[in-house]
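> need a structure here:
(chains A and B)
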Protein chains: 2
Amino acid sequence: MEINKELLLIGQKAKNASRRLSFSGTQAKNKALTAMAGALKERQEEILRANALDVQAAEEKGLRKSLVNRLRLTKETIQEMSRSLEEVVSLPDPVGGGEFWTRPNGLRIQKTRVPLGVVAMIYEARPNVTVDAAALCIKSGNACILRGGSEAIESNKVLAKVIAEAAEENGLPEGSIQLVGMTDREYALQLMKMNKYIDVIIPRGGAGLIQTVIENSTIPVIETGTGVCHAFVDKDADFAKAVSIVFNAKTQKPGVCNALETLLVHQDVAGEYLPLIGKKFQDFGVEIRGCEKVLRVLEYATQAEAEDWGTEYLDLIISVKVVKDLDEALDHIYMYSTKHSETIITENYTAAQRFLHEIDAAAVYVNASTRFTDGGRFGFGAEIGISTQKLHSRGPMALPELTTIKYIIYGDGQIVT
Amino acid sequence: MEINKELLLIGQKAKNASRRLSFSGTQAKNKALTAMAGALKERQEEILRANALDVQAAEEKGLRKSLVNRLRLTKETIQEMSRSLEEVVSLPDPVGGGEFWTRPNGLRIQKTRVPLGVVAMIYEARPNVTVDAAALCIKSGNACILRGGSEAIESNKVLAKVIAEAAEENGLPEGSIQLVGMTDREYALQLMKMNKYIDVIIPRGGAGLIQTVIENSTIPVIETGTGVCHAFVDKDADFAKAVSIVFNAKTQKPGVCNALETLLVHQDVAGEYLPLIGKKFQDFGVEIRGCEKVLRVLEYATQAEAEDWGTEYLDLIISVKVVKDLDEALDHIYMYSTKHSETIITENYTAAQRFLHEIDAAAVYVNASTRFTDGGRFGFGAEIGISTQKLHSRGPMALPELTTIKYIIYGDGQIVT
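Numbers count the residues shown, from 1 in each chain, chains lettered A, B, ... in the order given. Just a heads-up that it's a prediction; the model follows:
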């Protein structure tokens, strides 16, 4: 595949920048991040003007209102971005620490953390990702190449310009933060082949985007996001917890990857529990797609089709199935889980332990909402995405996940015999 | 791409096995590994008969003698494989430990290590990889799919059969260890698309094999092996160390990835140092391909071509270049390094520190041979390969690198507000 010259130049500049960034100290990086936070506030009019163009174009194209809202920036959201940059300043630098040991032959080996190098992010609508991703990359010593969606292109261009200028004026190398201004799919595909310049690619967005990156990238990928999350209400569930947790996981923010999509209910308690949660869902306008046993209890539920069980609705819809026992619940989750977040509601110790250890997912819960799977809520202070793959990192990714290992070995003449 | 039915079945069986293996305890895994070690010794005649077929076929095909030797098994090498299985028994189980913390809302979060799931290895000639890779996968709770080269197919089939039978007879699930018996390239390509069943794919072999996997795999890849390793002899080098280390790194085992391929010499000491190392190389039959400045000092050197600087010879050949200073050495390594192992020979503190921190490689050395980059020599007790990528793992990979993270969260009704 021939790669566009402008893209190649972006790659080369990023690679060069990463070489210097990799040994920039914490103070230098924090100075730049602080300046970036200040620049966002100072240049907010410029940002809002560009954003208005995106919002107008989206409205003219008849984009769904929820998407238009995700696109819209205000003085408050810009303040929020600026504050989140300041928070990144206050986080510990993930680079430079580690462990060390001495070998019998006297070699002293340090296993230390270093930046990945060049990180490319391919993402969709929300312009704040431009700022968040750049900040986390800079703090961890990585150069970043940002490729946002076409809907937010004007906002992204200005945001990237504002923070890149502030970073460079404050001592970071040119090319530390770059946006790919070309939003054609073709250029995204070319970007995915630039393994000579890019060390890691992180797609953030819908299942289609993520699949495209997995299939086309020659750069190592960190897969993020798709979440067909399950809750299993066991026969020994506390109903108050089961209603509150299931309702929260489904409705508190249905458009995100850690929201609940499927509810499994033990047959012994289905007759009693389903009407309780069903009523709450009905009142809130949640559509229930159930198996036949659910339909017998909830007359307002509709019949679930086979494809419902693997669907991430990201909407006020839930699939509900009555299961014979814990084993059937485990089998169902094994079959349909995207290995993101799963929860069991039970007071039974052994059922809880089996669920925790037999389910293969980034996060498994007992008696808590799946919505907690998040870098901030786990206490990491930041999040660049939620990995649903097993390599490198799994679950919420923060600053340490943007680094890799380097072995530094001090010798005094050792040779291998 | 349509996938062969037999391959799909292998994938499904591995996936099913991995589900049970993931929560097999250390005792159960060690029992199986011990039985595998015993079976190799008991069934050595069967193994030797199969190996003789491979050796004969290789000789008839006129394979290079060094390759035929890599293929050949003896009673001693089978004993050695058996002993290395026993060593894996004695290594600590990488699964099940971790850290935990409590959030302000009372959620107790455990970050624990769990197996990757299904690991596929694609490798070339050496049949011992079949046994080593299976042992490390089993100890870390992973099912493995092994796909060796056609040259060793008869040996690999019997080895895999012997250890898989021993494992299953001793309680491990069916499908824990499987060999792909079909050695056509087509099936390897199909295997690389089975991301529904395989969690990680690890190629071990030449640059061509590794490139094919990177370009074709939809499964996350751990890239291993290619090493264009450099030594820089600084102006403040101790010549005795510089001669001993450079000679060792080039000649002790030239066919491996951590062997030296390029020597860079500071111009201030080239006139004095080059004849010392040159003589040793000449006596040992090492071909020297040098830049013009080298040719002026060593009349037996031949002219290096442009492509020499990026070449992994894996042979008794070395490229040698005289550089102006440390900066030129860093720039040269930045350009041609495969980021495996690099060493500086110097008594100068600041030069050593700059080299250690500015070079981007899995392992960087001062005053020691690059040949130390190895799981065993680093003290890990085992090695499944040496990662030259930055994601997941970098440098020698042992048991912990065959695991991933899982978050286990204990709640008592927490919801997100």
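
> Could you list every helix and strand that whatever helix or strand residue A:162 lives in packs against?
Element membership for residue A:162 (DSSP states H and E) is helix A:153-169. Counting by 3 or more CB pairs under 8 Å, 6 or more residues apart in numbering or on different chains; DSSP states H and E, the packing neighbours recorded for helix A:153-169 are helix A:26-42, helix A:44-60, helix A:128-139, strand A:177-179. To be clear about C-beta, it is placed using only N, CA and C from the backbone, and glycine gets the same treatment.

> quick one, which of these is nearest to residue B:10?
Residue B:10 lies closest to helix A:128-139 among those, at 39.1 Å (CB to CB).

> Name the SS class of the nearest residue to residue A:137 once chain neighbours are set aside, please.
Closest residue to residue A:137 apart from its sequence neighbours, by CB to CB, 6 or more residues apart in numbering or on different chains: residue A:144 at 3.8 Å. Secondary structure, DSSP: H, G, I helix; E, B strand; the rest coil: residue A:144 is strand.

> Which residues are in contact with residue A:398?
With contacts defined as CB atoms under 8 Å, 6 or more residues apart in numbering or on different chains, residue A:398 is in contact with A:136, A:375, A:380-384.

> now it: how far from residue B:332?
Between residue A:398 and residue B:332 the distance is 36 Å, computed by CB to CB, to the nearest Å.

> And residue A:43, by the same measure?
42 Å.

> show me where pLDDT drops low in chain A?
Flagging of chain A using pLDDT under 70 yields the residue ranges A:125.

> And it, split by domain according to the record?
With domains defined by automatic domain parsing, chain A comprises A:5-223+A:389-410, A:229-376.

> Tabulate these in JSON lines, adding columns for distance to residue B:80.
Listed next are the domains of chain A as JSON lines, based on distance: least, CB to CB, whole Å:
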{"stretch": "domain A:5-223+A:389-410", "distance to residue B:80": "22"}
{"stretch": "domain A:229-376", "distance to residue B:80": "35"}
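
> for those domains, which one sits closest to residue B:363?
Across these, closest to residue B:363 is domain A:5-223+A:389-410 (CB to CB), at 4.3 Å.

> So what does the closest residue to chain B within the stretch 251-400 of chain A have for phi and psi?
Using CB to the nearest CB, the closest approach of the stretch 251-400 of chain A to chain B is made by residue A:368 at 2.7 Å. When read as degrees, to the nearest 10, the backbone of residue A:368 gives phi -150, psi 160.

> Identify the residues contacting it.
So residue A:368 contacts A:245, A:343, B:107, B:409-415 (CB under 8 Å, 6+ apart).

> How about the residues of the stretch 251-400 of chain A by chain B?
Counting by CB under 8 Å from any CB of the partner chain, the stretch 251-400 of chain A comes close to chain B at A:252-253, A:334, A:356-358, A:360-369, A:371-373, A:377-379, A:389-395.

> cutoff 6 Å now
Residues of the stretch 251-400 of chain A lying close to chain B (CB under 6 Å from any CB of the partner chain) are A:252, A:356-357, A:363-369, A:371, A:379, A:389-392, A:394-395.

> Check the stretch 101-250 of chain A too.
A:103, A:116, A:199-200, A:214-215, A:218, A:220, A:241, A:244-245, A:248.

> Sort out which of those residues are buried, if you could.
A:116, A:199-200, A:214, A:218, A:220, A:241, A:244-245, A:248 (16 or more other CB atoms under 10 Å in any protein chain shown).

> Considering those residues, which is situated nearest to residue B:77?
residue A:220 (34.8 Å).

> which residue sits closest to that closest one, ignoring its sequence neighbours?
residue B:391 (4.1 Å).

> what about the one you found, helix or strand, and which?
Under DSSP H and E, no helix or strand contains residue B:391.

> Just the element for residue A:335, please.
Applying DSSP H and E as the criterion places residue A:335 in helix A:326-336.

> In contact with residue A:246, which residues?
Residues near residue A:246 by CB atoms under 6 Å, 6 or more residues apart in numbering or on different chains: A:231, A:263, A:277.

> ok, now residue A:232?
By CB under 6 Å, 6+ apart, the contact set of residue A:232 is A:264, A:329, A:344.

> picking up where we left off before, helix or strand right after the helix holding residue A:335?
Where DSSP H and E defines the elements, the next helix or strand beyond helix A:326-336 is strand A:341-345.

> now for that next one, which elements pack on it?
Judged by 3 or more CB pairs under 6 Å, 6 or more residues apart in numbering or on different chains; DSSP states H and E, strand A:341-345 is in contact with strand A:229-233, helix A:239-251, strand A:363-368.

> between it and strand A:363-368, how many degrees?
Put simply, strand A:341-345 runs at 30 degrees to strand A:363-368, going by axes from the mean of the first three to the mean of the last three CA atoms, to 10 degrees.
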